[in-house]
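A.B. asks: Task: produce atomic coordinates for the following.
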Amino acid sequence: MPVDAKKLVKKASQHLKPVEKLDCETPRNTTTDGETIKFDYMWATHLSDEDFEWAFALFKANMYEMYHMSQWGYDENSKRNELRATTSRFIIALNSKGEKIGYTTYRFVVDHNIPVAYCWELQILPDYQNKGIGGMMLDTLERLSAKTNMTKVMATVFLYNAASLGFFHKHGYVSDVTSTMPLPWAQKEEEETATTEPVFRGNVEAPVIQNPVAIEQLDQFSYRKNCGTLFKNRETVSSAKANCDRLDEFCEQNIVVLNNDSSQVSDDYDIDKDLKTSITDERLSKNLLRVSIKSLNAVQRKSVRVIRDGLGLLLEAPTGIGKTYAFLIPAIEKVIEEKRNRSIEPKKPAPIVLIIANTGTLVKQVYDRCELILGLKCMDDVEPMHDVKIDMLIAEHHFTRDACDIAFATMGKLKATIEAGDLILDNLKMIILDEADKMIDPMAFGMDIDNIMNKLSEEVKENLQACFFSATYPRDSEGSIALTTIQEKMLGDKPWRLVYCPRMPGYITQKVIRLPRPTKDIASHDWIVKMNVIRSLIDKDLEETNCKKEGPYEQTIAIFCETVGRAAQVATALRLLGYNFSPLCRLLTKQQQAVTVNDLEFKRIHGVVCTNIMSRGIDVSSIKHTIIMEMSNQFDTYKHRIGRVGRDGNGGTATVLIDHNTLLNGRSAAIIDQLYTFMNQSEQEIPEWLEQWFRSRHPQDFDYA
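C.D. replies: This next block holds a predicted model:
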């Protein structure tokens, strides 16, 4: 062990009050809902018995089930000793009333010969979670780590604790090189070990591996070059949508348009269905027909009318209904109108319309759709609209710094481009947020949107038209859509309208499979049982479509996991079993992701094993089955996941796998409650066991008379 590491840890540990002495307290002390938080700092050994019991009770309430599921098991005496160790220090969060609402414990330690500040526990009362308090305490730890010359801040998180993984990932934490996270490509095959502890049916025999792959000997240069070639030669999607009369008819009958005072707009508030009469620009009309958009559905027509009238727009409609064209068409029309009346061209890129989405993949997809209807793709029988200049602001794309009328952007690249002075917002007339529920969330991109709004001049704000598009929005206690302060700021005092279309019952067939309770037999482990169920579902799809493992395929499948580690495991296991599946997660480069999505669209692979990177906005018409291997801790994510089979009028099947521990855990059980309610509202067939389970949890909701 390096002497320097020992010395640094010893020196840091000698500070009696390191946070106060080194001035490391976070400057942030206000929650997302405006409550002021204070912090106390003390050694674990200085806690009163009452405070210690409170801290331990909170740990147990939050983590008992997690430890019970782990290979370590739950050892109460051991955890008590850990919390009260002589090297352990507490940061305790207090609300505005002085009540304790959470804490983190940390230690200065040498980990793998490196001096680190180790975040041992971070526990917050459920009512105060997702309000930024954990981030405040992490910020303090990071400042303390820097001031004491620690190399980094570390924490240990269970792979199946999706909420905790998401929290640390959001704050910039990644898997450490010393992590035991199962990444199949991180080890040589000969270095892998197998447990040979006796189980009920004898010892587990290690598999015989022939011709193991030596990762360091792979020709990575040729691989990257080949990936780049595949990326450049991707096939173009030349058809924008599939016709679905049943869905269009449902939209016609159920769509509602409301004013911002909640009064209903008359049913004849509309534009013509026929493109030739509803779209004034003949070039745009011709290009829309070329990509198989023969008419506009009710969602698109009502939205176009609202935007043409210069009003703010809040649109909520199910995934796959064609929201993209509901804002692209009026955005293009807005540019043509503004440029017709403009006498002086700006010297720098100054977009008239700014379209922002939550991921680069989604931005690229929307940009491609815009290129398609502008006739800028290499296709026959289109009329290119070169007078409408468009460009992208995403990490892997070079911004031309040329004329730009419509800018498609992710938040990170947009901020960097504005700060560099390469983009100005003086001519901005319209701002469109796709996947708006994420974009306005203060815990996601909301504060960044607010920062962009603060950069606008008063004149621009006064004339700015704000439009929000999403499949879900936050609701208040009465079930109504609740505007955030950021939305109110963007809409201002100007009138706006809500276009709402409910989801179509039975449009996506939802199925739930309950896994048996595991025993001590290794074959009953949740992982093995889930893989067997997934195999049977894939085989059934192949049989029903009369296809083989190796292809060709009639339709494709998306399997959703919560972590990149699990996605890698499942994809690797399926490929070893002969199934043509690819992983799709943030560990892949943007080029690899684009190639995989293109392979999926054109059915060159049978499916993907993906994280939530695939859950929003990515249109792949070939997907007819989504398998939810692991439920998210946010139910809205489930709605977006199953929507992958509902693209542009295509229905499909969504299958959820639920294990025994999910039903026992308080938080995950609450998600299953929402699943039951959602399936009931969607007129889905509910399994008898789920019906009985829900009734036992909510007997007051049923009349047994």
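A.B. asks: Go through stretch 586-596 and flag the buried ones.
C.D. replies: With burial defined by 16 or more other CB atoms under 10 Å, the residues of stretch 586-596 counted as buried are 587-588, 590-596. Just so you know, the C-beta spots here come from the backbone N, C-alpha and C atoms, and that holds for glycine as well.
A.B. asks: Pull the residues that contact it.
C.D. replies: The contact list for stretch 586-596 (CB atoms under 8 Å, 6 or more residues apart in numbering) reads 227-228, 230-231, 234, 360-361, 364, 395-396, 564, 568, 582-584, 605, 608, 611, 613.
A.B. asks: Any of those buried? List them.
C.D. replies: So, by 16+ other CB under 10 Å, the buried ones in the contacts of stretch 586-596 are 227, 230-231, 360-361, 364, 564, 568, 582-584, 605, 608, 611, 613.
A.B. asks: Among the residues you listed, which pair sits farthest apart?
C.D. replies: Greatest spatial distance in the buried ones among the contacts of stretch 586-596: 364 and 568, 23.6 Å, computed using CB to CB.
A.B. asks: closest to residue 652 among the buried ones among the contacts of stretch 586-596?
C.D. replies: residue 608 (14.8 Å).
A.B. asks: Could you name the helices and strands sitting against whatever helix or strand the closest one lives in?
C.D. replies: Per DSSP states H and E, residue 608 falls inside strand 607-610. Strand 607-610 sits against strand 556-560, helix 564-576, strand 581-584, helix 590-601, with contacts defined as 3 or more CB pairs under 8 Å, 6 or more residues apart in numbering; DSSP states H and E.
A.B. asks: again, only using 6 Å
C.D. replies: strand 556-560, helix 564-576, strand 581-584 (3 or more CB pairs under 6 Å, 6 or more residues apart in numbering; DSSP states H and E).
A.B. asks: pLDDT below threshold where in the stretch 351-500 of the chain?
C.D. replies: 378, 401 (pLDDT under 70).
A.B. asks: what about the residue nearest to residue 282 when sequence neighbours are not counted, distance to residue 389?
C.D. replies: Spatially, and ignoring its direct neighbours in sequence, residue 282 is nearest to residue 383 (7.8 Å; CB to CB, 6 or more residues apart in numbering). Remark: distance between residue 383 and residue 389 (CB to CB, to the nearest Å) = 16 Å.
A.B. asks: any idea which of the buried residues of stretch 586-596 is closest to residue 303?
C.D. replies: residue 594 (28.2 Å).
A.B. asks: How is this structure partitioned into domains?
C.D. replies: 3-170, 245-500, 508-701 (automatic domain parsing).
A.B. asks: Tabulate those (TSV), appending distance to residue 222.
C.D. replies: As requested, the domains of the chain are exported to TSV (distance: least, CB to CB, whole Å):
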stretch	distance to residue 222
domain 3-170	32
domain 245-500	21
domain 508-701	15
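A.B. asks: so which of the ones you listed gets nearest residue 176?
C.D. replies: domain 3-170 (6.5 Å).
A.B. asks: Can you pull up the most central residue in this structure?
C.D. replies: What sits nearest the mean C-alpha location of the chain, by CA atoms, centre = their mean, is residue 612, with 4.7 Å.
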